[in-house]
Structures are given as structure tokens and as C-alpha cells.
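Asker: Mind folding the following:
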Amino acid sequence: MAENSMEEDQSIARTHLQLQRSLKWLDDVTNGVIGYEIEARSLRGLQVTKAQIGFLRCNFLVPAHASDMNGNWHIGAIATLVDNVGGAVIYSTGDHLKVTVSFNIQYHSTAKIQEEVEIEAKVKGEKGKLTSVVIEVRNKSKNGRLIAIASQWTAANDYKSPQPQAKL
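Answerer: Just a heads-up that it's a prediction; the model follows:
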């Protein structure tokens, strides 16, 4: 019985570690430590409010630098944020990042500069190397009005870069 308890403790510890890795990855992208500058600019100010394996909820205040000429949150900035939050929630369920193979986003409304939004991402299923996630973006400043909903499919990438051949 003690052996089962020890295995359960190790499993919980691995699960917790994987969740922490995915949150660290998202934080590193947000702060420009890894990734591209456009990602860091689009995610700057993102705050995780709830994190579980396969689930993330974040708050975000729409910054002026992520707006279009009409003062609306730019759709490209929305897509970048959605893709990265979706990637982080998928990463929380496994031991490595996956490659996005399908990304579909539907825009329903927008948010203005300095409006607060909530992003919620949930893993919906896994089949083999594929993982599916749904991400909803809602305007907290307007009673939860739906801004966008996205579905994302990712696949495990087993690609290994070629190794130098030993000279004979």
C-alpha cells in the first residue's frame, strides 16, 4: 500500500512540475525571454488567474500598442495571444511543446484600449499525437461579451535534427 502511495505522490509531483513548466514557458514568451518580439508585445501584461492541467484562465488589459487605427484590439494581437495561451494549456498536459496543425478563430466583437478581457483555454481531447483545445476570449468590461472563440489542434513533433556523421 505504501508503494502505491509513493507512486501517486511521484505522479502528482510530475504533474505539478509539468504545469509549472508550461506556466514558465508562457511567462518567458510574455516577457520576451524566448520567442519573437511580436509575441512578447502582444502578450505583455497577461496575468494567469487560474491554472490546472489542461485548463488556463488569464486576465488581460488591452494595451494601446496592440490596437488598430480605430482604437480596437488588433485581430492579429488577439490571434497571437490565443495561439500562445492555447499552446501553454496543451503543454501543461504533456512533456513537450507541440506544433499547431490547425488553428481556427471566429471573431464576434472587439475590445477597446484599456478594457479588461478574460481568456479561458481548455483541452478538449487527445487522440494519439493530436491534442485539441478551445479558447474563449470575453470582454470583462462588457459583462463577459464574447470577443473570439478559437479551436486549435496540435501534434507531437517527433522530428529529430540530423546528427553529424562520424568520419571514418
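Asker: Please enumerate the helices of this structure.
Answerer: Using DSSP state H, the helices of the chain run over 2-30, 37-43, 75-91.
Asker: As JSON lines, those helices with mean pLDDT, distance to Thr49 and mean neighbour count would be great.
Answerer: Where C-beta positions appear, they are placed from N, C-alpha and C, glycine not excepted. Converted to JSON lines, these look like this (pLDDT from 0 to 100; distance: least, Cβ to Cβ, whole Å; neighbours: other Cβ atoms under 10 Å):
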{"stretch": "helix 2-30", "mean pLDDT": "80", "distance to Thr49": "12", "mean neighbour count": "14"}
{"stretch": "helix 37-43", "mean pLDDT": "93", "distance to Thr49": "15", "mean neighbour count": "17"}
{"stretch": "helix 75-91", "mean pLDDT": "94", "distance to Thr49": "12", "mean neighbour count": "22"}
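Asker: Around Gly94, count how many other residues there are.
Answerer: Counted by other Cβ atoms under 10 Å, the residues lying close to Gly94 total 17.
Asker: That one and Glu116, how far apart?
Answerer: From Gly94 across to Glu116, the span is 31 Å (Cβ to Cβ, to the nearest Å).
Asker: cool, and Asn104?
Answerer: Asn104 is 25 Å from Glu116, by Cβ to Cβ.
Asker: Just want to know which of these two has more residues nearby.
Answerer: Between Asn104 and Glu116, Glu116 has the larger neighbour count (other Cβ under 10 Å), namely 14 against 9.
Asker: Need the contact partners of stretch 52-71.
Answerer: With Cβ atoms under 8 Å, 6 or more residues apart in numbering as the test, stretch 52-71 has contacts from 15, 18-19, 26, 41-42, 44-51, 73-75, 77, 81, 85, 88-89, 92-93, 111-123, 140.
Asker: Check which residues of it are buried.
Answerer: Going by neighbour count (16 or more other Cβ atoms under 10 Å), the buried part of stretch 52-71 is Gly54, Phe55, Leu56, Arg57, Cys58, Phe60, Leu61, Val62, Ala66, Ser67.
Asker: now that stretch: how far from the chain's centre is it?
Answerer: 12 Å (Cα atoms, centre = their mean, to the nearest Å).
Asker: Repeat that for stretch 17-31.
Answerer: Using Cα atoms, centre = their mean, the offset of stretch 17-31 from its chain centre is 9 Å.
Asker: Please apply the same query to stretch 122-141.
Answerer: 9 Å.
Asker: which non-adjacent residue is nearest Lys112?
Answerer: Sequence neighbours aside, Gly71 is the residue nearest to Lys112 in space, at 5.5 Å (criterion: Cβ to Cβ, 6 or more residues apart in numbering).
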